[in-house]
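Undergrad: fold the stuff below for me.
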Amino acid sequence: MPTDETPTDAENACFEAGIKFGSLYHQFAGTPLSPDSAASLETAMEESIENQPHCTDVTVEVQRDALEAELTESTADYTELTGRFLEVEIVVDYEGCEVVTSMEMVDGYPLMRLESVRE
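TA: Below you'll find the predicted structure:
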């Protein structure tokens, strides 16, 4: 019984979104982060990932309240970037199929999720 195993445009779009999130998270995790550098790091992350094929929009927000709380308990003026400081949305368009994905902290874990698929 033959089956068509060719990925659909929606499946390819979801795959592309996963690649973008992997790049974003693992490229920047561990970067020194301070209140003074938060805005420039947001921009650098957005522009870096938007360079990738099929990526149409990236929004990165450093959660400054969480950052300030972390630094209150520290003797340093900075900490390292982890998922607990980020909210991210990535939009991918693959052959007219738009995928919206997001990342936010859920129960102490940076959860990346598929929000919508529009063909």
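Undergrad: give me the residues contacting whichever helix or strand residue 24 is part of.
TA: Per DSSP states H and E, residue 24 falls inside helix 9-28. By CB atoms under 8 Å, 6 or more residues apart in numbering, the residues outside helix 9-28 that reach it are 7, 41, 45, 48-49, 52-55, 58, 60, 81, 83, 88, 90, 92-99, 101, 103, 110, 112, 114, 117, 119. Placement of C-beta: from N, CA and C, glycine included.
Undergrad: please list only the buried members of the residues you listed.
TA: Buried by 16 or more other CB atoms under 10 Å: 41, 45, 49, 54-55, 58, 60, 81, 83, 88, 90, 92-94, 97-99, 101, 103, 110, 112, 117, out of those.
Undergrad: please flag which of those sit within strands.
TA: 55, 58, 60, 88, 90, 92-94, 97-99, 101, 103, 110, 112, 117 (DSSP state E).
Undergrad: between those, which is closest to residue 73?
TA: Of all those, residue 110 has the smallest distance to residue 73: 20.2 Å, by CB to CB.
Undergrad: residue contacts, the closest one?
TA: So residue 110 contacts 25, 82, 83, 84, 86, 103, 104 (CB under 8 Å, 6+ apart).
Undergrad: pull out the buried residues from those residues.
TA: Among the contacts of residue 110, the ones that count as buried by 16+ other CB under 10 Å are 25, 82, 83, 86, 103, 104.
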